[in-house]
Each structure stands twice: as C-alpha cells, then as structure tokens.
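# model this:
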Amino acid sequence: MPSVTVTVGSAEGLHARPAGIIAEAAEKYDDDIEISIADEDAADAASAMLIMALGADKGAQVTVTSDNSDAVAEIAGLIEQDLDVE
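Numbering: from 1, shown residues only. This is a model prediction of the structure:
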C-alpha cells in the first residue's frame, strides 16, 4: 500500500481550516485514505473532525496511506502546505 511521510506546513497545525481542505480533497476519491502520526491510530482523511483529533502541530511528521498513489500524493501535498494562507 503506497504511503508517504510529510511534515505539517500549516502554521497552526491541522486545525479546522486545513483539516476541512484536506477532507474535501479526500472525499473525491473512492479509495480509503488514512493519515497517522507515529504509532497512533490512523484517521480517515475524509473526516475533518478525525484529522483535527490527531493533534498534529506545525512540523509534525504525518504519514498518508492509501491504495491510490494519486490520492496519497495529493493529500500529502496539501499537508505540507501552509493552508492557513488565503
């Protein structure tokens, strides 16, 4: 299963705004996409609430996993960006 580990780029971490953007992007894929920190339980990338529950701060290492490598690349790319900038 493809996965990639990236660094959270949003200044305030994966709070409401970035989590919502990521979840919206994940919803367009039919494949399951999971986001996890270290050895903690994975969160469904299509759920903003579950993403926020990870408590990922700026600079945290987050792993994105899915059977769909395009989904992994898109979600990982979003996580690396500062999504607090409009």
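
# from here on, contacts and neighbour counts on C-alpha atoms
Fine.

# what sits against residue 6?
Residue 6 makes contacts with 61-64, 76, 79-80, as judged by C-alpha atoms under 8 Å, 6 or more residues apart in numbering.

# Serialize those to TSV and add fields for pLDDT and distance to residue 33.
Putting the contacts of residue 6 into TSV (pLDDT from 0 to 100; distance: C-alpha to C-alpha, whole Å) gives the following:
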residue	pLDDT	distance to residue 33
61	97	17
62	97	13
63	97	10
64	98	7
76	98	11
79	98	13
80	97	16
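
# which of these lies closest to residue 44?
Comparing those against residue 44 with C-alpha to C-alpha picks out residue 64 as the nearest, at 10.0 Å.

# let me see the ranges of the strands in this protein.
Residue ranges of the strands in the chain, as given by DSSP state E, are 3-7, 33-36, 43-44, 61-66.

# could I get those as a markdown table with distance to residue 52?
Listed next are these as a markdown table, based on distance: least, C-alpha to C-alpha, whole Å:
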| stretch | distance to residue 52 |
| --- | --- |
| strand 3-7 | 15 |
| strand 33-36 | 11 |
| strand 43-44 | 9 |
| strand 61-66 | 13 |
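
# that's all I had, so thanks and see you.
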